[in-house]
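In: Have a look at this prediction, sequence included:
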2 protein chains.
Amino acid sequence: MVAGTDPRDFMKDLPQSRSGRLLHNELGRRWPADPDHLATIVRYALLPAGKLLRPIMTLESAEAVGGHPDSVLPAALSMEYIHVATLVHDDIIDADELRRGRPAVPVAFGTPAAIVAGDQLIFTAFASLTECHAAGVPADRVVAATDALATAGADLCRGQLLESQLVDDPDSGVAAYLEVARLKTGALFRAVCQVGALLGGADATRAGQLANYGEQLGIAFQIRDDLLAYEASTATIGKPTTSDLANGRPTLPVLLAYETSPPATRAELTSALHRHSTDPATHRRVHDILRATRALERAREQAGDHARQARDQLHTLPDSASRDVLTAIARWATAQSR
Amino acid sequence: MVAGTDPRDFMKDLPQSRSGRLLHNELGRRWPADPDHLATIVRYALLPAGKLLRPIMTLESAEAVGGHPDSVLPAALSMEYIHVATLVHDDIIDADELRRGRPAVPVAFGTPAAIVAGDQLIFTAFASLTECHAAGVPADRVVAATDALATAGADLCRGQLLESQLVDDPDSGVAAYLEVARLKTGALFRAVCQVGALLGGADATRAGQLANYGEQLGIAFQIRDDLLAYEASTATIGKPTTSDLANGRPTLPVLLAYETSPPATRAELTSALHRHSTDPATHRRVHDILRATRALERAREQAGDHARQARDQLHTLPDSASRDVLTAIARWATAQSR
């Protein structure tokens, strides 16, 4: 279906896919303009929706193993609720003022309301997931899916806190970075696919394959996101789009450069992180080091490895349009960063 | 068993009851001193445990309908996790510095870590609840219990936000106060008992009775808590222990006094709320108004009504030690405030 087209076009069209439209309609139906103040805040956080990548993947994972999207739809929404809850709480933690081009929830409604709205989204995610039982999914599968989502949420929290501990520390190393990526991003993508597979009727082996697909894809996405900051900034050199550097956050390119640099260069990188610098000269110097050490290429290769491992999990799935969608998403994960 | 003793002694001894000891041991086992930073924060929030009133009520509700505590224990812990998560997030929202006589989590570990730790507790609550299936509870009961807990959590969030909207506004009235009490406190107590009953094997009628017991008890508890502030302050008049007044929060005694006061007195109460006053003269004057309007007595009567409605739900339960415990808890809810 879509596997042969340019992965970038595919991703742009994804919200207009059948899964995407199903999710858009259901979100609008469930979160109407409402006089309840909390529902208004939650609606603001959810709509207009983003790419809906996670819930689309839940639906496609379910269909890829023979499930029906109608009975899995409430669980797919749960994935968006959890994702948006983490964005709302992250925007408090990082003091980010903009999200999707509008004032972030804490800016628009205040920190207390943002805390409560994020909590509400988490609770609503679990309430929504249980609806799949009434929609025809056997109860034991709903329990297994609940456990998968709850475990992923707990991992995600561990990843967030671990990441904050690595700030300013390029000695933390590539392994710690990958662990953060696995927990912070990989865990939810893992659950997104695992839940879809479990609710769609997959056996343990198949559900495990789709779980692994999600986890590897999530890690590839995280590397890709972290690369984009440096690639955008390379195009317009000196412009400090590398907010990770300004936040003292050592991402994969910097960590790879650090690993293979002599002590004097290491000291420069450490100092750049410590200063939380937004100074163009510092950014140019970091870019020079990344170029000299081939760090961006090497980070891209690692993203490619994880995306390939994700795709490998799909080989034994029967041919279907849904498998093609999942394959195309994995291809997109690396196409974007080239 | 305990129904004949002084309800205050009963409550003091509750943590040493069989249910209490079971929960204490299990919490200590599940949250050992741990090198993981997030687990350390969560452990700090959970231990040493408070009265464990909510998880004890889950176990007793399960046993009151013939269930076995071992298979319900993980769900009982879930109730403590959700309760503590709301305390941790509340301490950020209210900027409270002390909790259980120690620095509150946001003070001890910072706001970002407190947000993440609260989220982690919510996710862990749902993961823990699903364990009941492996412990022998049929999957459809676990799904129903998950829905009850998730719905209660969402209600709780609505109650928190609704409460914040009523600040400074004595015109909001008694009905809005009771709605906040039902959502903010009643909803979790409702789920606490409903989940225990569902997992313990209750039919729909019985589970509904225990749910109603919990909700009415929760409302009684909330009124009692709000009364304590003014009663403590009556004993040592002029000492501003009435932080609700200082926060502009109109609680039941003030709302009842306001309802039956002439315009000039209403203006005084409104002004006292608006000024967020900690001034002893203002507090003395508010106390005088509460006395003149019999507001404390009338609030006590309302707490008593809700506690009685709670106890009434237990009448058709078969005789058991667990029913006695639930009865004694409802008695304690009003004994404390006399």
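Out: Looks like it arrived, so ask away.

In: How about the residues of the stretch 101-250 of chain A by chain B?
Out: Contacts of the stretch 101-250 of chain A with chain B, taken as CB under 8 Å from any CB of the partner chain, map to A:111-113, A:115-120, A:122-127, A:129-130, A:133, A:138-140, A:142-144, A:146-147, A:149-151, A:153-154, A:156-158, A:160-162, A:164-165. Quick note: C-beta positions are derived from backbone N, CA and C, even for glycine.

In: Any of those residues buried? List them.
Out: Buried positions within those, assessed by neighbour count (16 or more other CB atoms under 10 Å in any protein chain shown), are A:111-113, A:115-120, A:122-127, A:129-130, A:133, A:139-140, A:142-144, A:146-147, A:149-151, A:153-154, A:156-158, A:160-162, A:164.

In: In contact with A:A295, which residues?
Out: A:253-254, A:256-257, A:289 (CB atoms under 8 Å, 6 or more residues apart in numbering or on different chains).

In: Just the ones of those in helices?
Out: Among the contacts of A:A295, the ones falling in helices (DSSP state H) are A:253-254, A:256-257, A:289.

In: pLDDT value on the closest residue to chain B within the stretch 151-300 of chain A, please?
Out: Using CB to the nearest CB, the single residue of the stretch 151-300 of chain A nearest to chain B is A:G153, 3.4 Å away. Looking at A:G153, its pLDDT stands at 98.

In: likewise A:A235?
Out: On the pLDDT scale, A:A235 is placed at 49.

In: try A:A232
Out: Here, the pLDDT recorded for A:A232 equals 67.

In: Now for A:A135, how many residues are close by?
Out: By the measure other CB atoms under 10 Å in any protein chain shown, the count of residues near A:A135 is 15.

In: What helix or strand is the nearest residue to it once chain neighbours are set aside located in?
Out: The shortest distance from A:A135 to any non-neighbouring residue, by CB to CB, 6 or more residues apart in numbering or on different chains, is to A:S71 (4.2 Å). In this assignment (DSSP states H and E), A:S71 forms part of helix A:69-93.

In: Buried residues, that helix. List them.
Out: Judged by neighbour count (16+ other CB under 10 Å), helix A:69-93 contains these buried residues: A:69, A:71-93.

In: so who does A:Q216 touch?
Out: With CB under 8 Å, 6+ apart, A:Q216 has these contacts: A:186, A:306-307, A:309-310, A:313.

In: And those, which is closest to chain B?
Out: A:G186 (15.7 Å).

In: can you count the residues close to that closest one?
Out: Around A:G186 there are 28 other residues, counting by other CB under 10 Å.

In: Need the distance between the two termini of stretch A:257-265.
Out: Stretch A:257-265 has an end-to-end distance of 9 Å (CA to CA, to the nearest Å).

In: For it, give me every contacting residue.
Out: Stretch A:257-265 is contacted from outside by A:170-171, A:173-174, A:250, A:266, A:269-270, A:289-290, A:292-293, A:295, using CB under 8 Å, 6+ apart.

In: For that stretch, buried residues please.
Out: Result for stretch A:257-265 [16+ other CB under 10 Å]: buried residues A:257-258, A:261, A:265.

In: Take these and lay them out in CSV including distance to B:T278 and pLDDT.
Out: CSV is the format used below for these (distance: CB to CB, whole Å; pLDDT from 0 to 100):
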residue, distance to B:T278, pLDDT
A:A257, 56, 95
A:Y258, 53, 94
A:S261, 58, 94
A:T265, 58, 94
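
In: Name the nearest of those relative to A:T334.
Out: Using CB to CB, A:A257 is the member of the buried residues of stretch A:257-265 that lies nearest A:T334, at 20.3 Å.

In: Quick check, A:M79 in contact with A:C193.
Out: No: with contact defined as CB atoms under 8 Å, A:M79 does not reach A:C193; the gap is 9.7 Å.

In: Which residues are in contact with each of those two?
Out: When contacts are counted by CB under 8 Å, 6+ apart, A:M79 and A:C193 are jointly contacted by A:57-58.

In: Where do the strands of the stretch 101-250 of chain A begin and end?
Out: All strands of the stretch 101-250 of chain A, identified by DSSP state E, counting those that start in this stretch, fall at A:102-103.

In: just the helices in it please.
Out: Applying DSSP state H, counting those that start in this stretch to the stretch 101-250 of chain A gives helices spanning A:105-109, A:111-134, A:139-165, A:173-181, A:187-200, A:204-235, A:243-246.

In: Tabulate the CA atom coordinates of the shortest one in CSV.
Out: If I follow you right, that is helix A:243-246. This file holds the C-alpha atoms of helix A:243-246, laid out as CSV (Å, rounded to 0.1, in the frame of the first residue of the first chain):
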residue,chain,number,x,y,z
SER,A,243,18.4,23.8,23.0
ASP,A,244,19.7,20.5,24.3
LEU,A,245,23.1,22.1,24.6
ALA,A,246,21.6,25.2,26.3
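
In: With that, I have no additional questions.
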